[in-house]
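Colleague: sequence and predicted structure are below.
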Amino acid sequence: MFVDSVPTVQFKGQTYRMIHGSPFDRGSADSYYGRAQDPHWYPDGTGHGTRVEAKDMSLAEMREYFRGYEYNEACGDKKHWG
């Protein structure tokens, strides 16, 4: 039997897989670090391979990015800089 070990998050009736570099991950990271929304993601993991910019993202990928940002904003998890 195959067991998927990737953690998931339930948010607004959807399940998101917490894969490093995914649109959800990048949205939540931008929120965490106090950055403006800038939809993007990395298919090979954050900082690896080609960064996919908003102009090249599907509607589903854009939604996932914005949900990740919204999720982190709702959680209030922010980087403390000092």
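Modeller: Thanks, I have it.

Colleague: name the helices or strands packed onto the top helix by length along the chain?
Modeller: The residue-count maximum for a helix in the chain (DSSP state H) belongs to helix 59-75. Counting contacts by 3 or more CB pairs under 8 Å, 6 or more residues apart in numbering; DSSP states H and E, helix 59-75 packs against strand 8-11, strand 14-17, helix 23-32, strand 40-41. Yep, even glycine has a C-beta here, placed from its N, CA and C like the rest.

Colleague: could you tell me how far the last one lies from the centre of the chain?
Modeller: Which is strand 40-41. 8 Å (CA atoms, centre = their mean, to the nearest Å).

Colleague: partner strands of the next helix or strand after that strand and their direction?
Modeller: Next in sequence after strand 40-41, counting helices and strands by DSSP states H and E, comes strand 52-53. When pairing is defined by DSSP bridges, strand 52-53 lines up against strand 40-41 (antiparallel).

Colleague: identify the residues contacting the partner strand?
Modeller: With CB atoms under 8 Å, 6 or more residues apart in numbering as the test, strand 40-41 has contacts from 21-23, 25-26, 51-54, 57, 61, 65.

Colleague: could you identify the buried members of those?
Modeller: Among the contacts of strand 40-41, those scoring as buried are 21-23, 25-26, 52, 57, 61, 65 (criterion: 16 or more other CB atoms under 10 Å).

Colleague: sorry, back to before: who's in contact with the longest helix of the chain?
Modeller: 9, 11-12, 14, 16, 22-32, 37, 39-41, 52, 54, 57.

Colleague: again, only using 10 Å
Modeller: Helix 59-75 is contacted from outside by 9-12, 14, 16-18, 22-33, 35-41, 52, 54, 57-58, 77-78, using CB atoms under 10 Å, 6 or more residues apart in numbering.
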